[in-house]
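**Q** Pasting the sequence and the predicted coordinates here, then a few questions.
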Amino acid sequence: MSYLGVGVSPGKHHVRESDLKALDRKVKIAELILRAAVCGLALIAALLVATDTQVKEIFTIRKRAKFTDMKSMVMLVVVNGIVAAYSLVHTFRCVVSMLRGSVLFNKPLAWLIFSGDQVMAYMIVVAIGASAQSAAYAKLGEPQVEWMKVCDMYAKFCNQVGEGIASSVFACASMIIVSAISAFSLFRLYDGNKAW
């Protein structure tokens with residue numbers, strides 16, 4: 001009822017429902033695109049770092065730099081692999097959900113997806129932080145403890161690791177947005193609005 005005593009048009013509620021359905025479709029499409037992007041970027045990051053190797057000959061000794069030489073790089077590869085697999089599963093879930101036209105109404109499933117997305121986002125943030133610190137030491141050295149600048153000798157190796165870390169950063173940013181979408185999807189179930 002308006003302040004003039006004139007009732008609200010019944011058509012208004014119908015427009016609101018169609019607006020909500022249009023918003024829901026846009027959210028689903030955004031989630032699908034972002035999950036596919038996370039999967040691709042995390043897979044690229046894992047492959048860039050895991051396949052990175054460079055051999056240097058120092059006098060008569062051959063030294064090979066590989067990602068397993070630094071535990072933080074191993075963690076980056078493993079975490080990116082887990083995030084890629086997780087995102088692939090949820091990409092398929094999004095496709096099936098869109099094809100069926102179903103909306104997520106199951107609160108326990110919504111909590112599971114929300115929690116999983118949070119865990120993946122935090123894991124990739126931690127992996128990026130650890131590998132970026134190791135990469136900084138490799139690039140800049142640490143004179144106080146006499147750690148040399150490894151990237152001066154293994155430039156190709158360091159560049160490819162940098163590309164892998166950059167790909168992880170983009171995957172992480174996308175995963176954070178996906179986490180926000182899953183939070184939106186979860187908490188709208190508590191709204192009480194049946195239009196959703």
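**A** Done, it's in. The structure presented is a predicted model; accordingly, all values stated were derived computationally and were not measured. Residues are numbered from 1 along each chain as shown.

**Q** Is Ser167 in contact with Leu47, as I believe?
**A** No. Using CB atoms under 8 Å, Ser167 is not in contact with Leu47, being 9.1 Å away. Yep, even glycine has a C-beta here, placed from its N, CA and C like the rest.

**Q** More neighbours: which of the two?
**A** Counted by other CB atoms under 10 Å, Ser167 and Leu47 do not tie: Ser167 has more neighbours, with 21 against 16.

**Q** Spatially nearest residue to the more buried one (excluding sequence neighbours)?
**A** Excluding its sequence neighbours, the residue lying closest to Ser167 (CB to CB, 6 or more residues apart in numbering) is Ala45, at 3.8 Å.

**Q** before we move on, what SS does that neighbour have?
**A** For Ala45, the assignment made with DSSP: H, G, I helix; E, B strand; the rest coil gives helix.

**Q** How about the one 10 residues further on?
**A** For Val55, the reduced secondary structure class is strand; criterion used: three-state DSSP.

**Q** Likewise for Ala110?
**A** Under three-state DSSP, Ala110 comes out as helix.

**Q** Correct me if wrong: it contacts Ala183.
**A** No. At 9.6 Å, Ala110 and Ala183 do not qualify as touching, with contact defined as CB under 8 Å.

**Q** Quick check, pLDDT for Arg93.
**A** Predicted confidence (pLDDT) for Arg93: 88.

**Q** same thing with the one 5 residues further on?
**A** Note on Met98: pLDDT of 80.

**Q** now the strands for this protein?
**A** Counting by DSSP state E, the chain has strands at residues 53-58, 61-66.

**Q** pull the helix or strand with minimum mean pLDDT from this protein.
**A** strand 53-58 (a mean of 76; mean pLDDT, DSSP states H and E).

**Q** Any buried residues in it, and which?
**A** Gln54 (16 or more other CB atoms under 10 Å).

**Q** what packs against that strand?
**A** On a contact count with 3 or more CB pairs under 8 Å, 6 or more residues apart in numbering; DSSP states H and E, strand 53-58 meets strand 61-66, helix 155-187.

**Q** So which residues make contact with it?
**A** Where contact means CB atoms under 8 Å, 6 or more residues apart in numbering, the residues beyond strand 53-58 that reach it are Arg62, Lys63, Arg64, Ala65, Lys66, Phe67, Met153, Tyr154, Lys156, Phe157.
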